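Enquirer: A structural model of the following input is requested.
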Amino acid sequence: MGSSGEHTGEGFLPMTVHNTGFLLDKLGQDCHPLQFLRELTQNSIEAIQRTGGRGTIIWDADWHAHDLEEVYKLCVTDDGDGMTGEDMVRFINQLSSSISEQTLTGNYGVGAKVATAARNHCGVVYLSWKVGQGAMIQLCRDPKSHTYGLKQWHRADGSYGHYLPMEDDCKPAGIDGHGTRVVLLGNSDDEDTMKAPPASPLPSRWISKYLNTRYFLFPEGITVKAREGWQYPRSDANRNYLRTLTGQKPYLDKYTQESGCVSLSQARAHWWILRDEGTAGKNSGFIESSGHMAALYQNELYELAAGRSGMSRLQQFGITFGYRWVVIYVEPHIDRSGSLTTNTSRTVLQIDSEPLPWWEWAAEFQECMPRELRDFVEENSAKSITSDHAKSIRDRLKDIMPLFNVSRYRPIPEGPCELDTDRLVGGTAATAAGGGNGPDNPSVVPSKRRVSSNIYSVFEKRGGAPGKKVETDPIPEVKWVSVADGTRQGDLIEDRAAKYLPEKNLLLMNADFRAFADMESFLRKELGQKSVAGLIVRDALRAWLAQALIETVLGVQGLCNSKQWSRDDIDDALSEEALTGSAMQKYHVYLAVRKELGIKLGALKR
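Expert: Numbering: from 1, shown residues only. Next up is the predicted model:
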């Protein structure tokens, strides 16, 4: 595979590409393992749109290969405009070349080749028909030189060429006068490329799940299907069949109880509250049906966060409870002075070559959260285990609060303080070494983006943005969450003591944590208490456990203005693992609980 320069002026030497095999392998490593599904699907969509916009794309096994060689090879077939043999040699054998116009916001001309060839050294076969004529090429990796290029064929007329004319008797079903099939051979002749790559979600429906969660909506008039149950006999239509894919939007619209849109800085946040019946295992895993977040761009989903990561991001956006049923897609938009595009491997979106400002959007979304969402969160919050320990904890801590030295600031115009807005909560540290306002820390250029609200603590900095100190309650609110009451899903803080949400100054305590349960059992057994007295044991234990972690949070926050503690260091010190380590102390908690129980249970006995 080489490169060809455009026509240039006299005396100009155009740049060429040396060792394209290494470059393609390196670019391929940057791709998601399933990225090729998106790239080949998108190529088929564009091919169909060039014919008028109506057509079908089918991901299936190449049954010809299976019948002849008894091996499964994955293929995708479309009835788009197709390519001639010369077209395929030109466009497939050049690294950055495409039938569609190459633009920074559209087709790059590298995606499909990089994502497929780097994972199919044995070959990627293209069979295409145009104006009734068929041709085939095979893009593969030479095992000796490790370079990529087209296999040479010995044709029936005795000539040699890089494409082979094809008769209509090998034309795939679904292609009439024009269309293309791409077959993925893998890295060996006997490799099963229908088998899901490692770590794929739901291996039996991996193609359906990936494409449904990669696309928000497929273009009108284009039908996309994917084979499921290919291991079963083809006569078993109940298990071996083609599923029609829709993207996420039709599913969300069908199973929503409330939905809407919120305007943010350079973005819109689309949100849905799902109905219970739509997310209780009804979909068999072919779509993302529980709470998650993603970025939306040109009807595709980027940076999708589901499961534990999705719940964490939803909590950043203020969905602290009920996140299992909430979906948020943030759709960035920019003015003419900026640029919004993807990286080359199309794994992330970028604004002006920088990552998306998720933390800024999170703060804004919390400020203008729709009433329906706010009511939904509060309704689910009410289900959590609540005990009013706040007053007793404040009373115990009030005399030593100066030891914690927690300061809180808010950026405002003409404020008396100077703040380091590059190091807001949830942001990145201004320097790797930390920062602060000492002479050893020179000023840093402030960030272009500002988090407009919900700041619980920032670093002061000489020459920083104006702001003021605010008097707010530094003691975090505590909520006990449990799988039993539906306030905690199994993969959230599983086998961890707690999770701290700085945006809400909220401490979620895991009522199911085994260390807490063991301590409660120990106290009950030691005291021989049951029934009502047993509930007093639990209440006293939870109060002192909560206080221990509250003190940890306050103490760590007091380190914020030290140049040795960066924002990342603070985040690490308040992580789930760090809080769990802090909660594992037992002696002082045990003594405090025993003392309180001696008073309460003695009074109860009397």
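
Enquirer: quick one: N120 and Y323, what's the gap?
Expert: 39 Å (CB to CB, to the nearest Å). All C-beta atoms are positioned from the backbone trio N, CA, C, and that covers glycine.

Enquirer: my bad, should have said F516
Expert: 22 Å.

Enquirer: you'd agree T41 is up against V224?
Expert: Yes - T41 lies in contact with V224 (CB atoms under 8 Å); the separation is 6.7 Å.

Enquirer: residues bridging contact with those two, i.e. touching both?
Expert: Overlap of the contact sets of T41 and V224 (by CB atoms under 8 Å, 6 or more residues apart in numbering) consists of I57, W59, L211.

Enquirer: So F516 and Y323 - more neighbours on which side?
Expert: Counted by other CB atoms under 10 Å, F516 and Y323 do not tie: Y323 has more neighbours, with 25 against 20.

Enquirer: residue contacts, the more buried one?
Expert: Y323 touches G291, G310, M311, L314, Q315, counting by CB under 8 Å, 6+ apart.

Enquirer: So which of these belong to helices?
Expert: G310, M311, L314, Q315 (DSSP state H).

Enquirer: neighbour-wise, which of these leads?
Expert: Going by other CB under 10 Å, M311 tops these with 26 neighbours.

Enquirer: Provide a list of residue ranges in the stretch 351-500 of the chain with pLDDT below threshold.
Expert: 384-388, 405-473 (pLDDT under 70).

Enquirer: mind listing the helices in it by residue range?
Expert: Using DSSP state H, counting those that start in this stretch, the helices found in the stretch 351-500 of the chain span residues 358-367, 371-381, 390-397.

Enquirer: Turn these into a markdown table, columns for distance to A295.
Expert: Converted to a markdown table, these look like this (distance: least, CB to CB, whole Å):
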| stretch | distance to A295 |
| --- | --- |
| helix 358-367 | 9 |
| helix 371-381 | 19 |
| helix 390-397 | 38 |
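
Enquirer: Just the terminal-to-terminal distance for stretch 130-146.
Expert: In stretch 130-146, first residue to last residue: 32 Å (CA to CA, to the nearest Å).

Enquirer: List the buried residues in that stretch.
Expert: Residues of stretch 130-146 classed as buried: K130, G134, A135, M136, I137, Q138, L139, C140, R141 (neighbour count, 16 or more other CB atoms under 10 Å).

Enquirer: thinking again about what came up before, most neighbours per residue, which of the helices of the stretch 351-500 of the chain?
Expert: Of all the helices of the stretch 351-500 of the chain, helix 358-367 has the most neighbours on average by mean count of other CB atoms under 10 Å, namely a mean of 21.

Enquirer: hmm, back to that, so which of the helices of the stretch 351-500 of the chain comes closest to L252?
Expert: Proximity to L252 (CB to CB) singles out helix 371-381 among the helices of the stretch 351-500 of the chain, at 14.7 Å.

Enquirer: C-alpha coordinates for the closest one, PDB please?
Expert: Presented in PDB, the C-alpha positions along helix 371-381 are these (Å, rounded to 0.1, in the frame of the first residue of the first chain):
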ATOM      1  CA  ARG A 371     -38.700  19.700  37.500                       C
ATOM      2  CA  GLU A 372     -39.700  16.200  36.300                       C
ATOM      3  CA  LEU A 373     -36.100  14.900  36.800                       C
ATOM      4  CA  ARG A 374     -35.700  16.700  40.200                       C
ATOM      5  CA  ASP A 375     -39.000  15.200  41.500                       C
ATOM      6  CA  PHE A 376     -37.900  11.800  40.200                       C
ATOM      7  CA  VAL A 377     -34.600  12.000  42.100                       C
ATOM      8  CA  GLU A 378     -36.200  13.200  45.300                       C
ATOM      9  CA  GLU A 379     -38.800  10.500  45.100                       C
ATOM     10  CA  ASN A 380     -36.100   7.800  44.800                       C
ATOM     11  CA  SER A 381     -34.000   9.500  47.500                       C
END
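
Enquirer: Who are the packing partners of it?
Expert: Helices and strands touching helix 371-381, by 3 or more CB pairs under 8 Å, 6 or more residues apart in numbering; DSSP states H and E, are strand 256-264, strand 267-274.

Enquirer: So which residues of the stretch 501-606 of the chain form helices?
Expert: Going by DSSP H, counting those that start in this stretch, the stretch 501-606 of the chain shows helices at 514-527, 531-557, 567-573, 576-583, 587-605.

Enquirer: Minimum distance to R234: which of these has it?
Expert: Nearest to R234, of these and by CB to CB, is helix 576-583 at 48.4 Å.

Enquirer: Now do the closest one: distance to the chain's middle.
Expert: How far helix 576-583 lies from its chain's middle: 25 Å, per CA atoms, centre = their mean, to the nearest Å.

Enquirer: just checking, what packs against it?
Expert: Using 3+ CB pairs under 8 Å, 6+ apart, helix 576-583 is in contact with strand 498-501, helix 531-557.

Enquirer: these two touch, right, S482 and Q489?
Expert: No - between S482 and Q489 there is no contact, the gap being 10.7 Å when judged by CB under 8 Å.

Enquirer: how does this protein divide into domains?
Expert: Listed by automatic domain parsing, the domain ranges of the chain are 20-242, 248-381, 390-400+474-605, 407-472.

Enquirer: among these, which gets the worst mean confidence?
Expert: Ranked on mean pLDDT, the bottom entry among the domains of the chain is domain 407-472, at a mean of 47.

Enquirer: Of the helices and strands packed on helix 371-381, give the one that comes closest to T193.
Expert: Judging the helices and strands packed on helix 371-381 by CB to CB, what sits closest to T193 is strand 267-274, at 34.6 Å.

Enquirer: Return the helix or strand following that closest one as PDB; C-alpha atoms alone will do.
Expert: Next in sequence after strand 267-274, counting helices and strands by DSSP states H and E, comes strand 292-297. The C-alpha coordinates for strand 292-297 follow below in PDB (Å, rounded to 0.1, in the frame of the first residue of the first chain):
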ATOM      1  CA  HIS A 292     -26.400   5.600  30.900                       C
ATOM      2  CA  MET A 293     -24.800   8.700  29.300                       C
ATOM      3  CA  ALA A 294     -23.200   9.500  26.000                       C
ATOM      4  CA  ALA A 295     -22.300  12.300  23.700                       C
ATOM      5  CA  LEU A 296     -24.500  12.700  20.600                       C
ATOM      6  CA  TYR A 297     -23.000  13.800  17.300                       C
END
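
Enquirer: and strand 292-297, what other elements does it pack with?
Expert: strand 300-305, helix 307-316, strand 326-332.
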